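Colleague: sequence-free structure coming up:
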């Protein structure tokens, strides 16, 4: 059965597994094209699966430790353009009641007693009219103007809704976790807005108010987990041995001691770096103590699994199937997790140590009709001897097929077993899709990921060699090829068409064409560009220009579709406009499509109708030129 752009609305997104008091909760999200929104509800499975909070606006629920109540985040009662989210609580089987409203929530967790919740939330007053900025960042992607916004740790009484602010100052709190006895809260905080990648792990005594910094100067502190004895904790992060190309690691620290790395001898990085355009909302954690060891996720090639690190630094696989374990949570000796493969959207599973049981089947109905094909994996030896992993998703028929070389963002993310609806849509339209993990990608060792100062060099060679390999080994027509990508993949698409004319069409999305402009206009630009491109507008400016596709626009001949979002503050709108202007001035056939009220996340969680329109734009351009 052929797939059309509107079939995006047939997918069901399963996410956010949580447990408490022996009960299981998870979120089920439907993509409503009619209402142009994501409609989430909260489900449980106790013999059979059923909705306990039908929604349709409830997202990301957490049961209390004893399972008697449910906390959830919901925008019910908010206007469409009104910022904010409500923290609600419901007795099991009852209707939710509002506890508190926040400008936006980054993290939240129940106290062990079930009497309160820790909430990490934005605070501030975004100006509705004239802007008066005095600090960076001017804005934050997927949030908006943020020059007068910080984020703090709050304690919310689960009965009265009374809110107590626990942190002060112009800081950004990112993550929080209660100690097992509930007397302390550990939180990650960035104190320097000019260097927000420098983060500390701080422990707050809720009774005395005393604070102690247990770890300082780390980057990517995305998870914190207390040891069951309450005397130590684990956290994820790195100390930038290879800048932002560094692998995140698992660290453990006790009060008064120095952090110790448990996974520094492990080849792979900690975390889930595999791309997918079919994920629902989630606040599920990904770091847990299991006796004297720590459970965590790691990206290995195009797959994601669960691994265990002992206190002596030995790492072993616990649950490492060929696909992507997207979220997980221990349930006694079992593991509850969401899982997807390249041809299977996420569902909920339970692993008992020897066998995986599929708990939900929300997408079975459409999968039986779509009959999606699995991409074929290959490993290519690059010209310098390194192995580069890739995949080809072929359409029906013998070929030779028209095809698209698709490039992921990051660059430190990965393609692989993540479900990509867009790829299957292209295949249904008769296009083969070639995708790979060139140098710069996650899922391999740190040396493979480190392309600092060398964007457009070895990564470009890998991609061109992948394209040539695919043509030699799969039924692809070399005269009917296109190139596409988003974010870093958009930069690389721009770079490629200034270097070669082998593609009949290009689709560049949320791209980068000028690193000087990127440095000064985006929410991460001033530190990301300096780290990754090794230049600033006033130091080694020539390198910034040398690596910017804009300055080679006079070489481009490829018809190019440029897609950008009006409120993309990660790669700002100027990048798309600059490149479009340059191409049109040089006589290149080009089209600029701008999506209002969308951010850098358009293809992942943009408004459903905009996502469908985006698919139509891409298909129309490819059909015209390929």
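Modeller: Received, thanks. All values reported here derive from a predicted model rather than from experimental measurement. Numbers count the residues shown, from 1 in each chain.
Colleague: Run through the strands of the stretch 351-500 of the chain in chain order.
Modeller: All strands of the stretch 351-500 of the chain, identified by DSSP state E, counting those that start in this stretch, fall at 356-358, 376-381, 387-393, 401-407, 431-436, 476-486.
Colleague: Direction-wise, compare the second one with strand 431-436 and give the angle.
Modeller: Looking back up the chat, that one is strand 376-381. Compare the direction of strand 376-381 with that of strand 431-436 by axes from the mean of the first three to the mean of the last three C-alpha atoms, to 10 degrees and you get 40 degrees.
Colleague: what's strand 376-381 in contact with?
Modeller: With contact meaning C-beta atoms under 8 Å, 6 or more residues apart in numbering, strand 376-381 is reached by 302, 387-394, 436, 465-466, 469-470, 473-474. The C-beta positions use only the backbone N, C-alpha and C, and glycine is treated the same way.
Colleague: Tell me which two of those sit farthest apart.
Modeller: Comparing all pairs in these by C-beta to C-beta, the longest separation belongs to 387 and 394, at 22.1 Å.
Colleague: These two: who's more crowded?
Modeller: Applying other C-beta atoms under 10 Å to residue 387 and residue 394 shows that residue 394 carries more neighbours, namely 21 against 10.
Colleague: May I have the phi/psi pair for that one?
Modeller: phi -90, psi 140 (degrees, to the nearest 10).
Colleague: List the contacts of it.
Modeller: The contact partners of residue 394, taken as C-beta under 8 Å, 6+ apart, are 373, 376, 401, 427, 432, 474, 475.
Colleague: just the buried members of those?
Modeller: Buried members of these, counted by 16 or more other C-beta atoms under 10 Å: 401, 427, 432, 474.
Colleague: Please name the nearest non-neighbouring residue to the second one.
Modeller: Yep, that's residue 427 we're talking about. Closest residue to residue 427 apart from its sequence neighbours, by C-beta to C-beta, 6 or more residues apart in numbering: residue 395 at 4.5 Å.
Colleague: re the thing from before, need the strands of the stretch 351-500 of the chain in a markdown table (columns: distance to residue 115).
Modeller: Below are the strands of the stretch 351-500 of the chain laid out as a markdown table (distance: least, C-beta to C-beta, whole Å):
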| stretch | distance to residue 115 |
| --- | --- |
| strand 356-358 | 34 |
| strand 376-381 | 50 |
| strand 387-393 | 49 |
| strand 401-407 | 49 |
| strand 431-436 | 49 |
| strand 476-486 | 44 |
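Colleague: want to throw those into CSV with distance to residue 600 and mean pLDDT?
Modeller: Listed next are the strands of the stretch 351-500 of the chain as CSV, based on distance: least, C-beta to C-beta, whole Å; pLDDT from 0 to 100:
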stretch, distance to residue 600, mean pLDDT
strand 356-358, 33, 95
strand 376-381, 29, 98
strand 387-393, 25, 98
strand 401-407, 16, 98
strand 431-436, 20, 98
strand 476-486, 9, 98
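Colleague: Select, out of those strands, the one closest to residue 559.
Modeller: Of all those, it is strand 476-486 that lies closest to residue 559, at 9.4 Å by C-beta to C-beta.
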